[in-house]
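Colleague: With the input below, show me the fold.
(one chain, ligands or ions: 3)
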Amino acid sequence: MVRRIEQQQQKAVNWMIPGNESVLEVTIGYEQVAVDLTANLAKNEPDPYAKSVLDFALLEDFDHLYRYANLLDLTQKKSAGEITGKYTEIMPGRPTSLEHRHPFDDVRKHYDDKKAHPLTKLHAMAITAAEQQTMNFYMNAGNRAEDELGRGLYLEIAQIEEQHVTHYESLLDPNCSWFKMLLLHEYTECYLYYSMMEHEEDSKVKKIWEEHLDQEIEHLKIACDLMKKHEKRDPERLLPATMPDKLVIFESNVDYVRDVMARQTDLNAVETEFVPSAKMPKHGRYQDYQTAVNAHGVPSSDVIRGRIQERGEDYRQELAGPHPVEKFRARNGQAKAA
Ligand SMILES: [Fe+2]
Ligand SMILES: [Fe+2]
Ligand SMILES: [Fe+2]
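Modeller: Ligands and ions are numbered 1, 2, ... in the order given. Down below sits the predicted model:
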C-alpha cells in the first residue's frame, strides 16, 4: 500500500521535467544535482569517513558534468552553462577514464547503526537513492544518443554510476532489521521533502513537497506501528526527537568543490581506503582493470579531443578563476586533459 503512493510521488516529481529538454540536457541536470547534492551533504556530514566517501565521488560526478557538457556543445551546439546557471562550475575533475576500478575497491566500510549520527544515515540513504536514479537513467536513456561517441559516453559513465551506487550503499549498516530499514527509509523521505519544502521558492511546486511530506509522515507512522507490532521495539527511541537543523539545500558550492579538488583529485581507492596515486600498489588489480576497460578507446577522452579539434579548446564554465589544479589548466589538450 505504501509503495503505491511512492510510485505516484515518483511520477509527480519526475514529470515536472519538461518534454522539450533533450536527454542530454536532462543529463546535465542530473550531474549538476550530483555535484551540488553531494557537496551539500559532505559539508554537513559529521563522520569523517562518511565525509571522505562523499568528497571522493563528488570529484567524479563533477568530471562527468564536464564530459557531458562537451558532448552537448559538440553534438547540439548548446552551452551547458545555460542549464546549470552560474551556480556550478564545469571543468575537469578526477578524469573519468581513471575512475574505472576493480569492484573490490568500490566497497566501503559500513557505519554502526547503534552509534552513527542521524545525519550520517540520512545522507547515506539520500545519496544512494540519487546515484541509483542516475544509474538507471543512463542505462535506459543512454541508447537514445545517435552517434557512437554519445552512446559510448553514456555507456562509460553508467558504469561509474554503478560504482557510485555500490560505494554509497555499502555505507549502510547491513545488521539493521528489515523494520529498522523501513523506518529509516521513511524517515529519510520525510527529511528530504521537508528540506525541499523549506527552501522552495515556487509556490505551486512547494505544494507538491507539502503534500508528499504529509504522505511520508503517515508512512513513517505505519513503519513505527509495524516495528512495535513485530519487533516489540519502541521506534521513538531509535529516531531523533526533532528533524536535524541541517537540511538539504540546493545552492552554489563553487568554493567547497574547488577546495576538495585542490587536495583530492589525485586520490584513488584500495579496498575501503582512499590513497594518493603514488601510494597505489604498483601492479595491482587497478592497473589490470584499467588496461582491460580502456583498451579499445575511451569515449570520455574522445569527447574532449573532439571539441578541441573542432574549436581549438574544450568547453568549460570556470566561474572563480583558473582551474585549482595546475595540470588541468590548459584547455587545448597540451597538458593532458585525460
Ligand atoms: Fe555522474
Ligand atoms: Fe555518480
Ligand atoms: Fe514513503
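
Colleague: which residues of the protein fall in strands?
Modeller: All strands of the chain, identified by DSSP state E, fall at 267-270, 273-276.

Colleague: Let me have the ones you listed in a markdown table, extended by distance to ligand 1 and mean neighbour count.
Modeller: Heads up, the C-betas are built off the backbone N, CA and C, glycines and all. Output for the strands of the chain, formatted as a markdown table (distance: least, Cβ to the ion, whole Å; neighbours: other Cβ atoms under 10 Å):
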| stretch | distance to ligand 1 | mean neighbour count |
| --- | --- | --- |
| strand 267-270 | 16 | 19 |
| strand 273-276 | 18 | 13 |
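
Colleague: any chance of those strands in CSV, plus mean pLDDT?
Modeller: CSV is the format used below for those (pLDDT from 0 to 100):
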stretch, mean pLDDT
strand 267-270, 97
strand 273-276, 97
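
Colleague: how about the nearest residue to whichever residue of the stretch 201-338 of the chain sits closest to ligand 1, chain neighbours excluded?
Modeller: Distances between the stretch 201-338 of the chain and ligand 1 by Cβ to the ion are smallest at Ser300, namely 10.9 Å. Once flanking residues are discounted, Ser300 sits nearest to Thr96: 3.7 Å by Cβ to Cβ, 6 or more residues apart in numbering.

Colleague: Provide a list of residues in contact with that neighbour.
Modeller: Glu60, Asp63, His64, Arg67, Glu156, Ile157, Ile160, Val298, Ser300, Ser301, Ala338 (Cβ atoms under 8 Å, 6 or more residues apart in numbering).

Colleague: mind running it again at 10 Å?
Modeller: 60-61, 63-64, 66-67, 153, 156-157, 159-160, 298-301, 303-304, 338 (Cβ atoms under 10 Å, 6 or more residues apart in numbering).

Colleague: Could you tell me which of the residues you listed are located in helices?
Modeller: 60-61, 63-64, 66-67, 153, 156-157, 159-160, 299-301, 303-304 (DSSP state H).

Colleague: Just the closest of those residues to ligand 2, please.
Modeller: For these, the residue nearest ligand 2 by Cβ to the ion is Asp61; the value is 4.3 Å.

Colleague: Give the burial count for the nearest residue to the closest one once chain neighbours are set aside, as a bare number.
Modeller: Distance criterion Cβ to Cβ, 6+ apart; nearest residue to Asp61, sequence neighbours excluded, is Ala34 at 3.7 Å. Look at Ala34: counted by other Cβ atoms under 10 Å, it has 23 neighbours.
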